[in-house]
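In: Sharing a model that was predicted from the sequence below.
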Amino acid sequence: MDTVLRDFAGLRVAAFESRRATEMARMIERLHGQPSVSPSMREVSVPDHREAVEFAHQLMSGQIDVVVLLTGVGTRQLVAQVERQVDRERFLTSLADATTIVRGPKPLAALKELGIEPTLRVPEPNTWREVLTTVDKHLSIANQTVGLQEYGRPNASLVAGLEARGATVKRIKVYEWDFPEDTGPLEANVRALADGQIDVALFTSGHQVVNLLRMAEKMGLAEPVRRACQRLVIASIGPTTSEMLTECGLEVDIEPEHPKMGHLVNAAAERGGELLARKRKAAVQRGAEPAPRVSGVDSSTTAGARGAEPAPAGAIRQGAWWDGPFMKACRREPADRVPIWLMRQAGRYMAEYREVRAKTTFLELCKNPQLCAEVMITAVNRLGVDAAIIFADLLPMLEPMGIELEYTAGEGPVIHNPLREARDVDRLKELEHVEALDFVMETVRLTRAGLPETIPVLGFAGAPFTLASYAIEGGASRNYVHTKRMMYRDEAAWNALMGRLSRAVIRYLNGQIAAGAQAVQLFDSWVGCLGPDDYRRYVLPHVRAIAAGLTPGAPLIHFATGNPALLPLLSEAGGDVIGIDWRIGLDDAWRAVGYHKAVQGNLDPQVLLAEPAEIRHRARQVLEQAGGRPGHIFNLGHGVLPQTPVEHVIALVDCVHAQG
């Protein structure tokens, strides 16, 4: 305990709690002397009980097969709301007869109070992933109806995972989180955060994160609080809270071995000072703030040259590009101009590219890192864009997985051994490592080395649906007949294929990030052929797995084309930035995506065939639709067309920079 006291002393701690604020305050006071604990939320019963009563009637009539209980409070409130209009004993008998799954000790205790022993218990750390793992291990829920007791923000990952396994999900929300009745302590902590008076912030629930940011927004302090959170140490009680912090764009520094409050406080006490010094030192090295004194140590005496301090495990280093307009837009921070880069910004419309391309085949070019870096560096220097995406193609990553790929003149990519039947999926090899794709990693390294450090480099990969469609169809397709046949006829084979591709994409993108990419883009060029229901069932869980598996610190741009109705689902699936094609106005698209995400887009590529005056007019329209809101990256709604005059592209870049 002496070590803990010594390490925690001098740090300014803010803790965000709900019911156990007094208990946490005593813990912090014991280690710290001056607790700062603010209740950030309270449970509020949903006033309309129809949802709970409808669920009860369905359960008692045998229409619900499985019941998943996520919280103890929700279990008790469910019964309380039901018994006002339904016979209590009959409902409890039906609940006992159903297959029940409890997530953690609190809903377990609530069920036992009712005299019911649950069928299955979800092991720690009790996230939605453990719920799905428990289902996979013990149940088959295909064609069954699952009643899901929810609270606060809906757990879209869990719903999507259950639906991907063939279940129909009946969602029951009986309470939600709201601000505490006395918001004074929470408002005080928001001001302290915004003023830089907090060194360590402790969170014991994901909903505390949401309420903190809601209160900051209400007080007009959202941006100062977010900036402050980049400099302080954030401690999360466990994976569920960490997921919410990450989803809200906040980096988790500490997560204890066990998701218990005492473990959280002790872990923050033991590691808070060291992590704070490291974050402050990194900020000094990149010029973001003057060298401070932290916990009695003058960090300016130990700061070396840029890059001397090793990055935290699993995170990317920060360089001069970190505070450039592109990265700021990814973080939805104000910048001095709207950043612009273009999909297919090195391509056949440029004479320099055509000269290189005339000497080699397309596939050979993709596997030549020196030439790939050369064509992209040339494009960036000539156009004056704010980011460089590596020159590569979506499909070569499939070759190490056993796909025979060829690019033919006039036809584009052709796959000679397509995966047409369910049994063919077994032929697709797991991409265990990315050594076979080192030519892509070398392209990242050479592109990074050949550009000013202020220009971020983007890696990219095809999304699993687009890769699966290529692998199944054998090339381009109009109706995706073979793809949808497998998807609809054999969902198990489809999920096996998508899972294998998703894991490959995670390794591939993380390899690019490790090689020097500052951000990555996921291209789902063909997913617009799906409607929202099919996307949610067959695609969303796999994209979400990719978003969750990427190296922290590298923003993910999630881009799909062809169906604006998918935008809310793209946002739900994951990504710091959602790419928008030209089939919808940017203002409407951003509303559909949600203002908690940055957006990229969305000029129609054909506009670049018009005269420069019209190009400037259309570009200004897109900028006006963005409304000056931080978080807009200007781009086309798809790639630059080969017929585009290069002077028109330069005129677009100049116009955006002048207007932004």
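Out: Nice, thanks for sending it over.
In: Please name every helix or strand in contact with the helix or strand containing residue 264.
Out: Applying DSSP states H and E as the criterion places residue 264 in helix 261-285. Other elements packing on helix 261-285 under the criterion 3 or more Cβ pairs under 8 Å, 6 or more residues apart in numbering; DSSP states H and E are helix 2-8, helix 21-32, strand 200-203, helix 222-231, strand 233-236, strand 293-294. For glycine as for every other residue, the C-beta is placed from the backbone atoms N, C-alpha and C.
In: average model confidence for that helix?
Out: On average, the pLDDT along helix 261-285 is 76.
In: gap between that helix and the chain center?
Out: 24 Å (Cα atoms, centre = their mean, to the nearest Å).
In: just to revisit the earlier point, can you flag the weakest of the helices and strands packed on helix 261-285 by average pLDDT?
Out: strand 293-294 (a mean of 30).
In: How about the secondary structure of residue 171?
Out: For residue 171, the assignment made with DSSP: H, G, I helix; E, B strand; the rest coil gives strand.
In: and the gap between it and residue 548?
Out: Taking Cβ to Cβ, to the nearest Å as the measure, residue 171 falls 22 Å from residue 548.
In: before we move on, what about residue 169?
Out: Distance from residue 169 to residue 548, by Cβ to Cβ: 20 Å.
In: Give me the more crowded residue out of the two.
Out: residue 169 (18 against 14; other Cβ atoms under 10 Å).
In: give me phi/psi at residue 656?
Out: Main-chain torsions, residue 656, degrees, to the nearest 10: phi -60, psi -40.
In: Repeat that for residue 76.
Out: Given degrees, to the nearest 10, the pair of backbone angles that residue 76 has is phi -70, psi -40.
In: Now for the closest residue to it other than its chain neighbours: which residues touch it?
Out: Residue nearest to residue 76 in three dimensions, not counting chain neighbours: residue 110, with 5.3 Å by Cβ to Cβ, 6 or more residues apart in numbering. By Cβ atoms under 8 Å, 6 or more residues apart in numbering, residue 110 lies in contact with 69, 72-73, 75-76.
In: Quick check: of these, which lies closest to residue 569?
Out: Minimum distance to residue 569 across the contacts of residue 110 is 26.5 Å, recorded for residue 69 (Cβ to Cβ).
In: that older thread, with secondary structure, distance to residue 206 and neighbour count as extra columns, can I get the contacts of residue 110 in a markdown table?
Out: Compiled in a markdown table, those are given as follows (DSSP: H, G, I helix; E, B strand; the rest coil; distance: Cβ to Cβ, whole Å; neighbours: other Cβ atoms under 10 Å):
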| residue | secondary structure | distance to residue 206 | neighbour count |
| --- | --- | --- | --- |
| 69 | strand | 18 | 25 |
| 72 | helix | 16 | 19 |
| 73 | helix | 15 | 18 |
| 75 | helix | 19 | 26 |
| 76 | helix | 21 | 19 |
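In: Any idea which of those the model trusts least?
Out: Lowest pLDDT among the contacts of residue 110: residue 73, 80.
In: wait, that one sits on residue 109?
Out: No - look at residue 73 against residue 109 with Cβ atoms under 8 Å: they stay out of range, at 11.0 Å.
In: part of a strand, is residue 398?
Out: No - using three-state DSSP, the assignment for residue 398 is helix, not a strand.
In: so how far is residue 264 from it?
Out: From residue 398 to residue 264 the distance is 43 Å (Cβ to Cβ).
In: before we move on, what about residue 116?
Out: As judged by Cβ to Cβ, residue 116 and residue 264 stand 31 Å apart.
In: Give me the more crowded residue out of the two.
Out: Ranked by neighbour count (other Cβ under 10 Å), residue 116 and residue 264 place residue 264 first, with 25 against 19.
In: avg pLDDT for the helix or strand harbouring residue 364?
Out: Assessed by DSSP H and E, residue 364 sits inside helix 362-366. The average pLDDT within helix 362-366 is 91.
In: What mean pLDDT does whichever helix or strand comes after that helix get?
Out: Using DSSP H and E, the helix or strand that follows helix 362-366 in sequence is helix 369-383. The average pLDDT within helix 369-383 is 94.
In: ditto for stretch 630-648
Out: pLDDT averaged over stretch 630-648 gives 96.
In: Output that stretch as PDB, nothing but the C-alphas.
Out: This file holds the C-alpha atoms of stretch 630-648, laid out as PDB (Å, rounded to 0.1, in the frame of the first residue of the first chain):
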ATOM      1  CA  PRO A 630     -15.500  20.200 -37.500                       C
ATOM      2  CA  GLY A 631     -15.000  16.700 -38.800                       C
ATOM      3  CA  HIS A 632     -15.500  17.100 -42.600                       C
ATOM      4  CA  ILE A 633     -12.900  15.700 -45.000                       C
ATOM      5  CA  PHE A 634     -13.500  16.800 -48.600                       C
ATOM      6  CA  ASN A 635     -13.300  14.000 -51.100                       C
ATOM      7  CA  LEU A 636     -15.100  12.600 -54.200                       C
ATOM      8  CA  GLY A 637     -18.000  10.200 -53.800                       C
ATOM      9  CA  HIS A 638     -15.800   7.700 -55.500                       C
ATOM     10  CA  GLY A 639     -12.500   7.600 -57.400                       C
ATOM     11  CA  VAL A 640     -11.200  10.100 -60.000                       C
ATOM     12  CA  LEU A 641     -12.300   9.000 -63.500                       C
ATOM     13  CA  PRO A 642      -9.500   8.300 -66.100                       C
ATOM     14  CA  GLN A 643     -11.000  11.000 -68.400                       C
ATOM     15  CA  THR A 644     -10.500  13.800 -65.800                       C
ATOM     16  CA  PRO A 645      -8.200  16.700 -66.800                       C
ATOM     17  CA  VAL A 646      -5.500  16.900 -64.100                       C
ATOM     18  CA  GLU A 647      -5.900  20.700 -64.100                       C
ATOM     19  CA  HIS A 648      -9.500  20.300 -63.000                       C
END
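In: Buried residues, that stretch. List them.
Out: 630-640, 644, 646, 648 (16 or more other Cβ atoms under 10 Å).
In: Let me know the closest of the residues you listed to residue 405.
Out: Of all the buried residues of stretch 630-648, residue 639 has the smallest distance to residue 405: 19.9 Å, by Cβ to Cβ.
In: for the closest one, helix, strand, or coil?
Out: Classified using three-state DSSP, residue 639 is coil.
In: pretty sure the residue nearest to residue 76 is in a helix, no?
Out: Yes - judged by three-state DSSP, residue 110 forms part of a helix.
In: per-residue confidence for it?
Out: pLDDT, read off for residue 110, is 90.
In: now swap in residue 315 and tell me
Out: Reported pLDDT for residue 315: 48.
In: do residue 417 as well
Out: If you check residue 417, the pLDDT there is 94.
In: Excluding sequence neighbours, find me the nearest residue to it.
Out: residue 404 (4.9 Å).
In: cool, residue 567 as well?
Out: residue 592 (4.3 Å).
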